[in-house]
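Student: Return atomic coordinates for the entry below.
(2 chains)
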Amino acid sequence: MDPDEKLCAETWVKSSSGHESLNTDSNNRPFTDFDRHHPKWEESPFNGCGVRTLGQQFSGFEGSFASDVDSQRQKKDLHGKQIPEAHESGYMQNWDPSAMLNNLLFLEKKIHQLQDLVQLVVGRRGQAMNQADEILVQQQQLITADLTSIIVQLISTAGSLLPSLKNSESLASQLGQFGGIATQLAGVTDNVVPNKMEDRHDPTGVSEDHDGFKRDANLRMHMRGHGDEYKTPAALAKPHKESSSDPIFIKRYSCPYVGCKRNKDHKKFQPLKTILCVKNHYKRTHCDKNYTCSRCHTKKFSVIADLKTHEKHCGRDKWLCSCGTTFSRKDKLFGHIALFQGHTPAIPHEGAGAWPSDQGQSRSEATNKVEQLDFNSCQGLMEVERSGDDPSNYFSPLGFDTSSLAGFQEFPRPLFEDAESSFSFFLSGSGDYSPKNGRYAAPNDLE
Amino acid sequence: MKNKKESSFSRFDLLSEEIVFTILDFLHQNPCDIKSFSLVCSSFHAIESRHRRFLKPLRSEHFPKLFARYRHISNLDLSLCPRITDASLGAIAAGCKEALRSIDLSRSSFFSHAGLSSLVANCSNLVEIDLSNAAELRDTAAAAVAEARNLERLWLVRCKSITDIGIGCIAVGCRKLRLLSLKWCLGIGDLGVGLIAVKCKGLRSLDLSYLPITNKCLSQILELQHLEDLVLEGCFGIDDDRLTAPKLGCKSLETLDMSSCQNVSYVGLTSLTSAVGSLRQLILSYGSRVDLALANSLQSLSTLQCIKLDGCQVTCSGLKAIGNLCISLKELSLSKCIGVTDEGLSSLVTKHKYLQKLDITCCRKITHVSLAHITNSCTSLVSLKMESCTSVSAEAFVLIGQRCQLLEELDLTDNEIDDEGLKSISSCLQLSSIKLGICLNITDEGATHIGISCSKLREIDLYRSAGITDSSILAISRGCPVLEMINIAYCTSISDTSLIALSKCTKMSTLETRGCPLVTSLGLAAIAVGCKQLTRLDIKKCVNIDDGGMIPLSHFSQNLNQINLSYTNVTDLGLLSLARISCLQSMTLLHREGVTPAGLAAALLACSGLTKVKLQASFKSLLPPWLFEHLEARGCSLQWREKVFQAELDPKCWKLPLVDLE
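Tutor: So this is what the prediction gives:
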């Protein structure tokens, strides 16, 4: 920051603080001042947007990212110098330059947001000559609140970079989040169809934390465990649905298997929501079941995660029917027997029941050999989807949506028993993510 | 029969086999008759072999021979064979094949699911299996039974190890079940019973006593459209909450037993009775208080004929309300009810004039007023049980004889009845059972009247009625030729004369002469010779009975099943001679001074049919352990008692004291 600018800023504050109810907090002052000197941002497309939403949900990233200004760079550099120093002193061993970069990127965007806000304030002030004082005061109060929120987040993020922080893990995961946003933005600007393979080698170290969440409330509860900075009211607040001016793009997928209900040509087409759903659906429905449970030798699966889920409770499925079906609960078995003629409860231990042990054996033998083949076929399918070349295999009403998060669909996470039903949230929330939960919520929002 | 056999021996060849079969059908009273018939000649032997349908064998060792001879056995009662192994069942299966329809294994053990499996596989026409008391049988056995597709009646009483899975197999396999008893099958819950209700739609009778079931399966059971008899005794899991019967209701239900269902009050009962409109018998013994609300819940039962409220707390208004129900009760039981008063009972019985059976045992507040009302209005009484109604004065019993001429069963144990009352009661010519135990006011005068008049008497109990002497027994034995059971325990004046007289009652099956010091071996020998059908004999404390009584007993009483020899003078010799009685199953031997350990061991080994033996605990250390193992392997259970000899007490002390009477 050059001395002239600083001087101007200070004088402006002195002259305006008397009648300006914006924010007298000394921490905010430099930013506020800085922004005040760039009236050209008044023409920003975000001028008329709901300021509150912008401030809390960061959906203005793209816009601010596009409008890059020299002074903005300057600001970023300033911060950039401070933070690597801190890292060199404290975290020499596990210092990750790329993570740092991502973090800085986040800070930069935060500052952009601040700029936008202040811009708005300036704009309001210009219009205020023609408006009643009460409305002005109300709007300013709103802006003040948003500013406070953003600044608190800025401080906490910046603070997490300090060497004195003990919890390096939380730092890493936090960094990962910001990195995720960066990747996402890159995807948007390049207009690239999400490429899931990229994320397998996530450089930010986020992959250490593989938890996925069906509900964002669960995610926020989870994030509390990652450190105090996630316990701020803003971080724990329920993210509001975006009511931005951006068009909401919902992407849907179609199964490539013609005749399947999940295929777009089907009369009662039920689209799949994520590419992961497509993958699992195709494996479960249209592929051979190659993975046989090593304990019961009866149950077979085409998705290995399904097998693992089954194996977890295989021995405990002690209620079995003469037809070979096993149940984890006795009442389920009796419901099954009541329903079907001729089925009887089988007695497992003493071997008098009709437990088809030999049958199961032959089944497992027959299916083992197909394993490799099936894997290949699935691989092929994935490639087709990834490239997006073949429109018949790929059903997406609006191409891609603006906030599609690159490769997040393939993020390693627990496999859901029913992929379709588990993705029933956030259908319309294409831009509805925050830095805290963006990485996790993304697969849900996405398609 | 003997005459026929001897005179028409040659002419029997002219008779067709059908006619001989018809003759044989009448020889069912004494098993020895048929035995004699078959021993006449080889053709009779063959005819008898072809004719026999029912078999109650004594020894499982002879099964192969037995089934080689009897090819058409349809009913097999194995209650005398404590040890039935899988091999025995295999022999039965191979011998009886399709002919077998019913088998009773309730007293047998040592078989497993494998034996049952072979039985069921070979005898495809089995309709009846009694597996009660097989506590060690598991679900595999149930699964084996489930293969009997034609099974209609199944008893699994006390099969504690069978679970929902096993009963589920039976429910699926035996679709024709009509009767199922699961009493004390503690392993069976809602799911198993629910599945029974779903799969066995033809069930007529279902016993679910003491099962851990809840309201959940009850609604399913009540949807059975043919169910007539439902027993829910002691089902503590059934309560008022959500006790809702299906809308259609169980129209066929006639008998409902909800005794000891402590968690069901009038609330649950109201919702239940609304669905079972055609109920005839309702048993609510040991349940909730019988008051106005409970009586009102019975209003929808228009065809009710029998109510049993044994052991309940009863209010006067409740009894009155039951009296005011628009039904005509035939049977009422208020046995051991607390709170039965003259007012309540009188108003009840005056409304139900067609009452046939009344049980007011231990209703100790009622007086002659109640008895007057009972005898006045219920003239068609067939059975009256009023043990320990001690407030009823002696004069009132005269009314019974005057007004209730149709009485067949009368229990006056521990009452104030005197000779006048007995004289009056002797006019009840239909009387077949009378109990006069601990009636200290009666003497020979009254009892003689009974003996002379009541010729249909089959059962008489004179336990501790000290005024009874030989002359009463003489009159009874002469006047009651069909007498089957007599109890003269502690009637200390009874001597051998009585026993010699009683030996004329050829149908005698149960004789109890405890504590009669005047009875000797001579009397017992007369009984042994005369009463061939004697099955139970109790001569405890008959100190003058010795080996001289045992030897004729072992010779003639081949049907003897239970004997109590405690405190008698029987020695090793007498004990050993008892081994000749092949039917003997239960023996009690306490305080046997004359018996040595060696003699006892020999006797126990020789009596191969024994299933239950009670012995003085002092013998336990004196007998070798291998003997116990051997006996247990044979199916005999030994019970050890450490009883101190008690001197005879004053007879009055046996009367139930009037403590709860305010």
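Student: Just give me the neighbour total for the residue in the stretch 401-550 of chain B that chain A sits nearest to.
Tutor: Going by CB to the nearest CB, chain A is nearest to residue B:535 of the stretch 401-550 of chain B, at 39.7 Å. All C-beta atoms are positioned from the backbone trio N, CA, C, and that covers glycine. Residue B:535: 19 surrounding residues under other CB atoms under 10 Å in any protein chain shown.
Student: for the one 3 residues further on, same thing?
Tutor: Counted with other CB under 10 Å, the neighbours of residue B:538 add up to 20.
Student: sorry, back to before: dihedrals phi and psi, the residue of the stretch 401-550 of chain B closest to chain A?
Tutor: phi -110, psi -30 (degrees, to the nearest 10).
Student: I'd say it and residue B:510 touch.
Tutor: Yes. Shown here, residue B:535 and residue B:510 form a contact pair, counting by CB atoms under 8 Å, at 6.8 Å.
Student: Next to chain A, which bits of the stretch 1-150 of chain B? Give me the list.
Tutor: Counting by CB under 8 Å from any CB of the partner chain, the stretch 1-150 of chain B comes close to chain A at B:113, B:138, B:139, B:140, B:143, B:144, B:146.
Student: quick one: which two of those are the most distant?
Tutor: Across the residues of the stretch 1-150 of chain B next to chain A, the longest distance by CB to CB is 13.1 Å; it joins B:138 and B:146.
Student: thought residue B:20 was touching residue B:47?
Tutor: Yes. Applying CB under 8 Å, one finds residue B:20 in contact with residue B:47, separated by 5.3 Å.
Student: the more surrounded of these two?
Tutor: Legend: neighbour count by other CB under 10 Å for residue B:20 and residue B:47, higher for residue B:47 (21 against 18).
Student: Buried ones in stretch B:444-451, by neighbour count?
Tutor: By neighbour count with 16 or more other CB atoms under 10 Å in any protein chain shown, stretch B:444-451 contains the buried residues B:444, B:446, B:447, B:448, B:449, B:450, B:451.
Student: and those residues, which of them are in strands?
Tutor: Among the buried residues of stretch B:444-451, none falls in strands (DSSP state E).
Student: And residue 31, what's its pLDDT?
Tutor: This is for chain A. If you check residue A:31, the pLDDT there is 44.
Student: Please refer instead to chain B.
Tutor: We have a pLDDT of 73 for residue B:31.
Student: and it, how many neighbours?
Tutor: 15.
Student: do the same with residue B:16
Tutor: By other CB under 10 Å, the residues close to residue B:16 number 8.
Student: Run through the residues of chain B sitting next to chain A.
Tutor: Chain B has residues B:113, B:138-140, B:143-144, B:146, B:164-166, B:168-169, B:172-173, B:191-192, B:194-195, B:198-199 near chain A, with proximity defined as CB under 8 Å from any CB.
Student: any chance of the buried residues of stretch B:444-451 in CSV, plus pLDDT?
Tutor: Shown next, in CSV, are those (pLDDT from 0 to 100):
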residue, pLDDT
B:444, 93
B:446, 93
B:447, 93
B:448, 94
B:449, 94
B:450, 94
B:451, 93
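Student: Kindly reformat those as TSV containing distance to residue B:545.
Tutor: Below are the buried residues of stretch B:444-451 laid out as TSV (distance: CB to CB, whole Å):
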residue	distance to residue B:545
B:444	24
B:446	29
B:447	24
B:448	27
B:449	31
B:450	27
B:451	25
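Student: Now, these that are in helices?
Tutor: Within those, residues falling in helices by DSSP state H are B:444, B:446, B:447, B:448, B:449, B:450, B:451.
Student: Surely the first one and residue B:469 touch.
Tutor: Yes. Counting by CB under 8 Å, residue B:444 does reach residue B:469; the two are 5.5 Å apart.
Student: In space, what's closest to residue B:86 - neighbours in sequence excluded?
Tutor: With CB to CB, 6 or more residues apart in numbering or on different chains as the criterion, residue B:86 has its nearest non-adjacent residue at 3.4 Å, and that residue is residue B:115.
Student: What pLDDT is listed against that neighbour?
Tutor: Residue B:115 is given a pLDDT of 94.
Student: Tell me how far it lies from residue A:98.
Tutor: According to CB to CB, to the nearest Å, residue B:115 and residue A:98 sit 76 Å apart.
Student: between these two, who's got more neighbours?
Tutor: A count of neighbours by other CB under 10 Å puts residue B:115 above the other of residue B:115 and residue A:98, at 23 against 13.
Student: so how far is chain A from the more buried one?
Tutor: Per CB to the nearest CB, to the nearest Å, residue B:115 is found 13 Å from chain A.
Student: what's the helix or strand for that residue?
Tutor: In this structure, residue B:115 sits in helix B:113-122 according to DSSP states H and E.
Student: how about that helix: buried residues?
Tutor: For helix B:113-122, burial by neighbour count (16+ other CB under 10 Å) applies to B:113, B:115, B:116, B:117, B:118, B:119, B:120, B:122.
Student: neighbouring contacts of that helix?
Tutor: With contact meaning CB atoms under 8 Å, 6 or more residues apart in numbering or on different chains, helix B:113-122 is reached by A:350, A:352, B:84-90, B:92-94, B:96-97, B:103, B:126, B:137-138, B:140-141, B:143-145, B:147-148.
Student: For ChimeraX, what selects the buried ones among those?
Tutor: The following ChimeraX line selects those of the contacts of helix B:113-122 that are buried, judged by 16+ other CB under 10 Å:
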select /A:352 /B:84,86,88,89,90,92,93,94,96,103,126,137,138,140,141,143,144,145,147,148
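Student: Just the contacts of helix B:113-122: which are in strands?
Tutor: residue B:103.
Student: For residue B:581, see how far away the residue of the stretch 401-550 of chain B closest to chain A is.
Tutor: Distance, residue B:535 to residue B:581, by CB to CB: 11 Å.
Student: Mutual contacts of the two, please.
Tutor: With contacts taken as CB under 8 Å, 6+ apart, residue B:535 and residue B:581 have residue B:560 as neighbours in common.
Student: burial measure for residue B:194, as a count.
Tutor: Here the count is done by other CB under 10 Å, and residue B:194 has 24 residues near it.
Student: on that earlier part again, so how far is the helix holding residue B:115 off the chain centroid?
Tutor: Here the centre of helix B:113-122 is set off from its chain's centre by 30 Å, with CA atoms, centre = their mean, to the nearest Å.
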